[in-house]
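Engineer: Let's see this in three dimensions:
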Amino acid sequence: MTLRQFLSTFFLFLIGSYILLYAFPFPLNHIPLTYDLFSKYVMALQEKYILFFGHEILGLESFEKIQLTGSGDTTYDYVRIPALFTLSFFIGLLLSLLKYTQTKGLEFYNWMLVYARYFVGLTLISYGVAKFLEGQFAGPSFYSMEILVGDISPMGLAWRFFGYSDTYKIFMGLSEIIAGLLLLIRRTSILGALVSIAVCLNIVLVNFSFDVPVKLFSSHLLLFSALILIPKIKPIFEFFLLNRQSNLGEIKPHFTQKRARIIRLVLVLYFAAFIPITTVVSHFQSQKFRTFENEWEGLYTLIDFDTNRPWNKLILEDNFMMLQLNYGPKEFWNIQEIKDDGVLVIKNQKDESNPHELKIKKSDDEHYEIQLRLGNKTVNTIGKRKEKSSYELTKRGFHWINEYPYNR
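Structural biologist: Predicted coordinates for the structure are as follows:
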């Protein structure tokens, strides 16, 4: 083996190993029982290695993994990249030196591109389905419409922008689902990679532009999409830019033996059909935990003065209540139950075992009698109710014809 061949084989093993290490435990997280039987032990081993790398190699003395922060850009996530890349380097070097495996570099890499196709494809499908449902980008809420724009974080601004338009959310969702489905099918995988690059590039730009803490993960989705496309970049370049006849050739790996083709068919049906369907079903089932019927929803501005009441705004929306003094500190409460005659049972995280009570009664067309009991303290007041349809953001709507821009 020449030096050039060795370096080429080493590079294929290096990149292929990194794809595998980064995406694991996929697809085992989609297979029942595999997490408890296998994945959690391997993940625990990987976590110990990354912590060791951070402490001993990078010299980060206070480095630790913070569990379930909702962020994909923690210090642990940043250390994970060079740690996995270093491990991939040694794996690639070892496989390149072993006599049995040193001729298998291209075959291994092609398999890892298939692995990347399914990883990116199923991830995008999950992202896309979420766009159709309540959760990721919520529509205009009382809380979001009452907060000052200057007090919104960049991510909050982006989420409110996307959440305003159901049409745009559907467009984003369909784009991600189409890209994902095309990637799952071998014959359409190159088209899927092209669509996925466009979709993931937009996601990456949003994440970097609005400080959304999924920068590393979305960048890897974009990188993997590009790696899927690169083996066919020459014929694509010739066809689109040089206007020449071109052929993508065979999409590998390709099976010829009957048993292998049957196994492949079963796996494709499971990962390209069963998992997307169950993803859709699970997303729809989760909606019952995200929706909460609340007939008293609204912003209540309290019009009488009471020294026992350090707030003059009360927001009821879905299953939460918020108390606020103008634009000062906010207090959040969960609505546990809505009883008859406007009685709401509420609680907060500080006192889970002791529910409190809110009573609302309409007194005339504009005013509501409000009684709030928080422990031994009871506040009686009068409030005016504002509904979502009163806000300019929600009542403006869509207009085909605009003689003048309505930009406020």
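Engineer: Can you give the distance of the helix or strand containing residue 51 from its chain's centre?
Structural biologist: Assigned by DSSP states H and E, residue 51 belongs to helix 40-52. Remark: helix 40-52 is offset 24 Å from the chain centroid, using Cα atoms, centre = their mean, to the nearest Å.
Engineer: Who are the packing partners of it?
Structural biologist: Under the contact definition 3 or more Cβ pairs under 8 Å, 6 or more residues apart in numbering; DSSP states H and E, helix 40-52 sits against helix 75-97. The C-beta positions use only the backbone N, C-alpha and C, and glycine is treated the same way.
Engineer: after the helix it packs on comes which helix or strand?
Structural biologist: helix 105-131.
Engineer: list the buried ones in that next one?
Structural biologist: Of the residues in helix 105-131, 105, 108-113, 115-131 count as buried by neighbour count, 16 or more other Cβ atoms under 10 Å.
Engineer: thinking again about what came up before, contact partners of the helix holding residue 51?
Structural biologist: With contacts defined as Cβ atoms under 8 Å, 6 or more residues apart in numbering, helix 40-52 is touched by 21, 24-25, 63-65, 76, 79-80, 83-84, 87.
Engineer: So for residue 399, what's the nearest residue that isn't a sequence neighbour?
Structural biologist: With Cβ to Cβ, 6 or more residues apart in numbering as the criterion, residue 399 has its nearest non-adjacent residue at 7.8 Å, and that residue is residue 406.
Engineer: Let me fix that, I meant to ask about residue 75.
Structural biologist: With Cβ to Cβ, 6+ apart, the residue lying closest to residue 75 is residue 63, at 6.4 Å.
Engineer: contacting residues around that neighbour?
Structural biologist: Contacts of residue 63 (Cβ under 8 Å, 6+ apart): 51, 54-55, 75-76, 79.
Engineer: What separation is there between it and residue 41?
Structural biologist: 22 Å (Cβ to Cβ, to the nearest Å).
Engineer: thinking again about what came up before, please identify which of the contacts of residue 63 is nearest to residue 243.
Structural biologist: residue 79 (47.1 Å; Cβ to Cβ).
Engineer: and that closest one, how far is that from residue 67?
Structural biologist: Relative to residue 67, and taking Cβ to Cβ, residue 79 is found at 15 Å.
Engineer: who has more neighbours, these two?
Structural biologist: Under the neighbour definition other Cβ atoms under 10 Å, residue 79 and residue 67 were set side by side, and residue 79 has more, 20 against 7.
Engineer: Pick out the most distant pair among the contacts of helix 40-52.
Structural biologist: 25 and 63 (22.8 Å).
Engineer: any idea which element residue 174 lies in?
Structural biologist: Counting by DSSP H and E, residue 174 is part of helix 166-184.
Engineer: so how far is stretch 166-184 off the chain centroid?
Structural biologist: 14 Å.
Engineer: CA atoms only for that stretch, dumped as CSV, please.
Structural biologist: Extracted in CSV, the C-alpha atoms of stretch 166-184 (Å, rounded to 0.1, in the frame of the first residue of the first chain):
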residue,chain,number,x,y,z
ASP,A,166,-49.0,28.7,10.9
THR,A,167,-48.5,28.9,7.1
TYR,A,168,-44.7,29.4,7.5
LYS,A,169,-44.5,26.7,10.2
ILE,A,170,-46.2,24.2,7.8
PHE,A,171,-43.7,25.2,5.0
MET,A,172,-40.8,24.6,7.3
GLY,A,173,-42.3,21.3,8.5
LEU,A,174,-43.0,20.0,5.0
SER,A,175,-39.4,21.0,3.9
GLU,A,176,-37.9,19.0,6.7
ILE,A,177,-40.2,16.0,6.3
ILE,A,178,-39.6,15.9,2.5
ALA,A,179,-35.8,16.1,2.9
GLY,A,180,-36.0,13.4,5.6
LEU,A,181,-38.1,11.0,3.5
LEU,A,182,-35.9,11.5,0.4
LEU,A,183,-32.8,10.7,2.5
LEU,A,184,-34.4,7.4,3.7
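Engineer: Residue numbering should commence at 187 henceforth.
Structural biologist: Shifting the count to begin at 187 puts that one at stretch 352-370.
Engineer: Next one: the closest residue to residue 571 other than its chain neighbours relative to residue 543, how far apart?
Structural biologist: In this structure, residue 571 finds its nearest non-sequential neighbour in residue 484, 4.4 Å apart by Cβ to Cβ, 6+ apart. Applying Cβ to Cβ, the value for residue 484 to residue 543 is 18 Å.
Engineer: For the chain, which segments are assigned as strands?
Structural biologist: 484-488, 499-503, 506-510, 516-524, 529-533, 542-548, 553-560, 563-572 (DSSP state E).
Engineer: Go through those and pick out the most buried.
Structural biologist: A comparison of those by mean neighbour count, using mean count of other Cβ atoms under 10 Å, puts strand 499-503 on top with a mean of 21.
Engineer: Remind me what that one packs against, helices and strands.
Structural biologist: helix 328-332, strand 484-488, strand 506-510.
Engineer: mind running it again at 6 Å?
Structural biologist: Under the contact criterion of 3 or more Cβ pairs under 6 Å, 6 or more residues apart in numbering; DSSP states H and E, strand 499-503 touches strand 506-510.
Engineer: just the angle between the strand it packs on and strand 553-560, please?
Structural biologist: Strand 506-510 and strand 553-560 meet at an angle of 100 degrees, taking axes from the mean of the first three to the mean of the last three Cα atoms, to 10 degrees as the criterion.
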